[in-house]
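S.K.: This is a predicted model, with the sequence first.
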Amino acid sequence: MFLNQFLLLSVALFAIGVYGVLARRNGVMVLMSIELILNAVNINLVSFAAFTENIAGEVFALFVVAVAAAEVGVGLAMILLLYRNRRNIDLTEIDLMKG
Amino acid sequence: MTDLFIFASATAELAETVLPLGITEGGAWLLRNAWIIPLIPALSFVGILFFGKRMPRQGAELGVAAIGIAFVLAVLTGAAWMDHRDNYQGDEVTQAVIVADHGEAADHDEGHAPEHPSLAVSNTVTWFQVGGMTISVGVLVDGLAVMMLFVVTLVSLLVHVYSTDYVSGDRRYTHYFAFLSLFSASMLTLVISENTLQLLVAWELVGVCSFALIGHWWEEKPNSDAALKAFLTNRVGDMGLLVGITVLFFSVGSALPDAFGSFSIATTNTLANSGLLSHTALLVSATCLMAAVMSKSGQFFLHTWLPDAMAGPTPVSALIHAATMVVAGVFMIARLYGVFFEGFSIGGSSINLMAVVGGLTTLVGASLAFVQRDIKKVLAYSTISQLGYMVLALGVGAWTAAVFHLFTHAFFKACLFLGSGSVAHAVHSFDMKSDMGGMRKAMPQTYRTFVIGSIALAGLPPLAGFWSKDEILAGTGGWGLFGGTGGNGAYTGMLIMGMVTAALTAAYMTRVIYLTFFGDFRGHGELHESGPRMVVPLWILAGLAMVAGLFNLPSGFQLVPESMQERFGHYVEPAAAYFPGISHASPSWSLAIFSTLVVMAGAGSAYWYYFVKVDAAAQASGQSLTELSNGPTSRWPLAKMGHNLLENKYYLDHLYTGIIAGGTKGPLARAVYRFNQQVIDRTVDKVGETAVVSGQFVYDKIDQLLVDGAVNTSGRLASEAGGELRKIQSGKVQSYAAILFAAATVLAGILIVIV
């Protein structure tokens, strides 16, 4: 078993996630893409932990899962609020923070 | 001169000894707190200035009350001092000063302490601290200070009372009393000063007050000129005082192991007495201080301001001449006597600067008093002559005699001045030759007191002047030629000067009495005796002029019980280590009789000239005469020349204003003007021009270009960068995320490259 394979999987997932965040217009899809990025990171953490036989990476992965769950909860709530206000969740339309 | 300014560190290695100052911090409450006495008139000065005009008597009552309280306190202080002097046991803590022992100096003053068991009272507080040195301010109360407190407050009180009548209706009545109060306060501060710095402050205050009072009627130019002359002449002497005090300060520092210097009078005197101060320093400082005495106390050749100072109101003249201004110099010598005694080597010599100055002054003053028309100027020259007597006495070591003469002179000279004021009050003039004569009938009280004062001044027994003058003559020790009377040296020259002056004094006072009170009245107007506020002070002073001499009856005449002999010397002469060990001359019958004969000869020849010859000529011609038409000056050219010399006051004023001032002010002024135009103005102009040019340069290049440019550029840059950056702020979440990722990618790339 090589570390490379896990890292390649992780890179693939990360690249898909980044693409999703930058290219998708649907807010829910963007959130899902962020989940992909986080999972890519988790894979890295777990694989490095196993590789170095150090439990810290797995613990951090658990933290990341917990934080991601909370983040998704907040993110979904924000998207729901957006939808209720504007009947639309197209991120390109939302530019209230334009300087 | 090198040993003049050796500082403490140089002598610190030497053995240290303790020198007693003979000063206690204990003593009666009044002695320790004598500062209250000058404080009262000082407060009254402020009070009169602020509230005087609103008072029913325009502030005069406040001045009289303040000086009255001060007088009562001074009398009580005197009683406390007598008690202290007689009953002091010497068991309280005394002040001592630690000095570096210079070895051979120690035997200089052996056995001094047992002679001086009694202690002066001192009470000081810190005035200010500078450079680790503490300057204190406080009182030094001993017999001398107590005597001066008494004289100053008494004469000042009588002058205050007299003035309420004399200057009534004056336009600056309130102002006059305010300054009279300040004058008294300054002099009282001077006499209780504990250190020379405090003495200097009071000394200058006295000078300022005399300026203000001499120039009281400044609307007339001669009066303001006289005030200026007094003030400026005194500035000349003040330079001497400043230098003298400074030299003393540092030379004391060289004797004390842990001090930079000291202003303390007791310390300075004690060190001088014990031979621990360098003789050069003492000689230099004593000479400089002599200059101050010459200006303040009207000694020859800086005496010329004193007759001009008659421009002030007559009570002020009485105060200046009897109790304040001019006795300040004599008091200063008496106070710093250790310095003068050692500096001029008074003991055991026959001539020194102080004795010569005093002797010359007596002669100059007495001779000039002869030719004056103005009654007050006669008295002014008489004061100069009598001050010369005091300085002469101090110069020959007759300390007690000098201070005693100051004491008696205060009474009869104040009496004479107030008497002349009383006369002038009636005839509105001071000119004896044209406006007076025959006034004894109209003004009997003034006449009697004036004659009493004159006899006391002339020095006929048993009035005050006789005792003090005779003590001075005995103190010269010059009589030793004829049988020996002791004293500090054989000052024969000074004895002769004193004798001549005694004869002259008697003669010119006889002249004044004839011109003022005898013959027929030459002035105009109704003559009247002055009111009680003027006559009562006159009688008090005349009474004192009669009895003041009895305070110091000489010992050894077997006429009076021993308990009445030399009381004044007993109580006034400091019996402490800061006073030099002077030897006292014993009085002599032969000297007393001879001096009385001299005085009577002087008075007799003037009597023969005026009362016999002039009176007879006046009877014959039927008009009031003041001199013979065919007198000695018209018959002998030598007498005429002498008279001219006296009329022109020995040409001293011509010397000062014509030659010294005139010779310097023309060429000097021109030179200074040229220097001003050519050097100073040109420099200033050049500096100004350069400043303008460089300012323009700085404005153009540095301010406008560099500073403003930098500021503007940074502002513009910030604004343009902001303009660029705002384009990024699209509000689109994804573009932000894209930038974030791009940045993260770049950073990751950098990280990889570096690691």
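M.R.: Sure thing, it's come through. Quick caveat, the model's predicted, so the values are computed rather than measured. Numbers count the residues shown, from 1 in each chain, chains lettered A, B, ... in the order given.
S.K.: got any ranges where chain A has weak pLDDT?
M.R.: Applying pLDDT under 70 to chain A picks out residues A:1, A:99.
S.K.: any idea how far the helix ranked longest in chain A is from the chain center?
M.R.: Using DSSP state H to assign secondary structure, the helix with the most residues in chain A is helix A:56-86. Mean-position distance between helix A:56-86 and its chain equals 9 Å (CA atoms, centre = their mean, to the nearest Å).
S.K.: and it, what does it pack onto?
M.R.: If you count contacts as 3 or more CB pairs under 8 Å, 6 or more residues apart in numbering or on different chains; DSSP states H and E, helix A:56-86 packs onto helix A:27-52. Bear in mind the C-beta positions are built from the backbone N, C-alpha and C, glycine included.
S.K.: Please give the centre-to-centre distance between the helix it packs on and its chain.
M.R.: Remark: helix A:27-52 is offset 7 Å from the chain centroid, using CA atoms, centre = their mean.
S.K.: what helices or strands is it leaning on?
M.R.: Applying 3+ CB pairs under 8 Å, 6+ apart, one finds that helix A:27-52 contacts helix A:3-23, helix A:56-86.
S.K.: could you give the angle of the first one to helix A:27-52?
M.R.: Comparing the axes of helix A:3-23 and helix A:27-52 via axes from the mean of the first three to the mean of the last three CA atoms, to 10 degrees yields an angle of 160 degrees.
S.K.: In the longest helix of chain A, which residues are buried?
M.R.: A:Gly57, A:Phe60, A:Ala61, A:Val64, A:Ala68, A:Gly75, A:Ile79, A:Leu82 (16 or more other CB atoms under 10 Å in any protein chain shown).
S.K.: residues touching the second one, list them.
M.R.: By CB atoms under 8 Å, 6 or more residues apart in numbering or on different chains, the contact set of A:Phe60 is A:Leu45.
S.K.: Distance of it relative to A:Phe48?
M.R.: Counting by CB to CB, to the nearest Å, the gap from A:Phe60 to A:Phe48 is 10 Å.
S.K.: Check the last one too.
M.R.: From A:Leu82 across to A:Phe48, the span is 37 Å (CB to CB).
S.K.: Apart from its chain neighbours, what residue comes closest to B:Val316?
M.R.: Nearest non-adjacent residue to B:Val316, counting by CB to CB, 6 or more residues apart in numbering or on different chains: B:Leu213, 4.4 Å away.
S.K.: Now name the helix or strand holding that neighbour.
M.R.: Per DSSP states H and E, B:Leu213 falls inside helix B:196-214.
S.K.: what kind of secondary structure is A:Lys98 in?
M.R.: Three-state call for A:Lys98 (DSSP: H, G, I helix; E, B strand; the rest coil): coil.
S.K.: burial count for it?
M.R.: 10 (other CB atoms under 10 Å in any protein chain shown).
S.K.: For it, give me its contacts.
M.R.: B:Gln729, B:Ser730, B:Gly731, B:Lys732 are the contacts of A:Lys98 under CB under 8 Å, 6+ apart.
S.K.: how close does it get to B:Ser719?
M.R.: 20 Å.
S.K.: likewise B:Val755?
M.R.: Counting by CB to CB, the gap from B:Val755 to B:Ser719 is 39 Å.
S.K.: out of these two, which sits in the more crowded spot?
M.R.: B:Ser719 (9 against 5).
S.K.: and the two most separated of the buried residues of helix A:56-86?
M.R.: A:Gly57 and A:Leu82 (35.7 Å; CB to CB).
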